[in-house]
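*Asks:* What would the 3D arrangement of this be:
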Amino acid sequence: MGMFMRVLDWAEFAAGGIAKTGTAITIGVFDGIHRGHQALLERVLSSGLYPVVVSFTRSPKFVLRPETTEGDIMGVDQKLRLFEQMEVALAVMIDFSEKFSKLSGKEFIDLLQDRGNLHRLVIGSNFRCGYRHSTDAALIQAMNRAAGIPTEVVEPLMAGGARISSSRIRAAIAAGGLVEASALLGRRVEIDFAGLSATPGPGGVRFDLAAKNRIMPPPGRYPVVLFEDSPAGIETEVSINKDGVFIPTPFNAVRIEFVNGSP
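*Replies:* This next block holds a predicted model:
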């Protein structure tokens with residue numbers, strides 16, 4: 001990694017700001033950090049300003065609609081690792097709550113302008129914020145224009161005649177379409193074990209994904225590259241069932257990358 005990334009929660013950001021001369025900020029859930037997300041991040045990173053991402057520890061829909069059964073593509077640690085690898089300077093992570101959901105779009109954008117020392121905003125054309133998602137990209141653009149701050153609104157990236165989205169990638173993973181999911185992500189599908197409970201057993205270790213509501217491929221055996229605390233990977237095979245993933249040798253596993261899309 002080329003730099004050390006700072007991480008603040010929303011309260012820290014709102015209370016103290018970030019004390020930089022000027023920032024370029026992008027906002028989103030960024031579950032998966034897929035090719036469409038990367039297009040937003042790359043615009044911030046190439047702006048010449050201090051690059052900041054404002055994201056969420058979990059998708060707001062899991063708080064507002066808890067009956068949602070979809071899992072996350074990635075956990076918080078995995079998301080932060082990828083932000084840092086891309087050389088984001090600061091990640092502001094919002095722990096979305098009912099209280100935060102009552103914040104108006106204007107209050108949210110005002111805080112970004114003031115505490116974030118906002119000089120440029122980059123958002124997707126379908127981005128909405130504020131109470132009941134009442135503030136859309138056009139309104140955000142108008143708010144920033146009044147403050148003399150440029151807003152770049154980016155259209156969704158397309159692949160195979162459809163928009164690249166986290167929902168589409170979740171559906172592909174759940175159906176075992178790991179080749180398709182990898183193409184949409186722009187890298188291999190991976191599972192990061194940070195924050196997951198591990199249960200040693202005969203011949204290996206089981207990591208519980210269901211408890212953390214992670215999306216999983218269908219049950220089966222999958223060839224993977226397993227990573228410990230070093231860049232070098234180990235080729236092995238794992239078993240997946242409805243509860244989690246079984247590593248057949250008790251390595252100090254940090255994460256796995258799926259080699260192909262066939263169980």
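*Asks:* how about residue 149, what does it touch?
*Replies:* 113, 118, 119, 120, 121 (CB atoms under 8 Å, 6 or more residues apart in numbering). In short, each C-beta sits where N, CA and C put it, glycine included.
*Asks:* hmm, which of those are the buried ones?
*Replies:* Among those, those classed as buried by 16 or more other CB atoms under 10 Å are 113, 118, 119, 120, 121.
*Asks:* Just the closest of those to residue 158, please.
*Replies:* Taking CB to CB as the measure, residue 121 is the one of the buried ones among the contacts of residue 149 closest to residue 158, at 23.0 Å.
*Asks:* List the beta-bridge partners for the closest one.
*Replies:* residue 25, residue 151 (DSSP bridges).
*Asks:* if we can go back for a sec, now pLDDT and distance to residue 70 too, for the contacts of residue 149, in a markdown table please.
*Replies:* Listed next are the contacts of residue 149 as a markdown table, based on pLDDT from 0 to 100; distance: CB to CB, whole Å:
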| residue | pLDDT | distance to residue 70 |
| --- | --- | --- |
| 113 | 95 | 33 |
| 118 | 96 | 32 |
| 119 | 97 | 36 |
| 120 | 98 | 32 |
| 121 | 98 | 28 |
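*Asks:* Rebuild those residues as JSON lines, extending it with distance to residue 41.
*Replies:* Compiled in JSON lines, those are given as follows (distance: CB to CB, whole Å):
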{"residue": "113", "distance to residue 41": "20"}
{"residue": "118", "distance to residue 41": "16"}
{"residue": "119", "distance to residue 41": "17"}
{"residue": "120", "distance to residue 41": "13"}
{"residue": "121", "distance to residue 41": "13"}
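*Asks:* Can you name the two of the residues you listed that sit furthest apart?
*Replies:* So, those by CB to CB: farthest apart are 113 and 120, at 11.3 Å.
*Asks:* my read: residue 96 touches residue 56, true?
*Replies:* Yes - the criterion here is CB atoms under 8 Å, and residue 96 meets it with residue 56 at 5.2 Å.
*Asks:* any low-confidence regions in the stretch 51-200 of the chain?
*Replies:* For the stretch 51-200 of the chain, applying pLDDT under 70 flags the ranges 62-69.
*Asks:* where do the helices sit along it?
*Replies:* 61-64, 76-85, 98-101, 105-114, 137-146, 166-174, 178-185 (DSSP state H, counting those that start in this stretch).
*Asks:* Of all the ones you listed, which one comes closest to residue 15?
*Replies:* Using CB to CB, these put helix 105-114 closest to residue 15, at 10.5 Å.
*Asks:* Can you name every helix or strand that the closest one contacts?
*Replies:* On a contact count with 3 or more CB pairs under 8 Å, 6 or more residues apart in numbering; DSSP states H and E, helix 105-114 meets strand 128-129, strand 135-136, helix 137-146.
*Asks:* Now distance to residue 174 and mean neighbour count too, for those, in JSON lines please.
*Replies:* As requested, those are exported to JSON lines (distance: least, CB to CB, whole Å; neighbours: other CB atoms under 10 Å):
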{"stretch": "strand 128-129", "distance to residue 174": "26", "mean neighbour count": "19"}
{"stretch": "strand 135-136", "distance to residue 174": "30", "mean neighbour count": "18"}
{"stretch": "helix 137-146", "distance to residue 174": "29", "mean neighbour count": "15"}
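*Asks:* Which among these is found nearest to residue 61?
*Replies:* strand 128-129 (12.0 Å).
*Asks:* Would you mind giving the helices and strands packed on helix 105-114 as a markdown table with distance to residue 232 added?
*Replies:* Below are the helices and strands packed on helix 105-114 laid out as a markdown table (distance: least, CB to CB, whole Å):
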| stretch | distance to residue 232 |
| --- | --- |
| strand 128-129 | 42 |
| strand 135-136 | 46 |
| helix 137-146 | 43 |
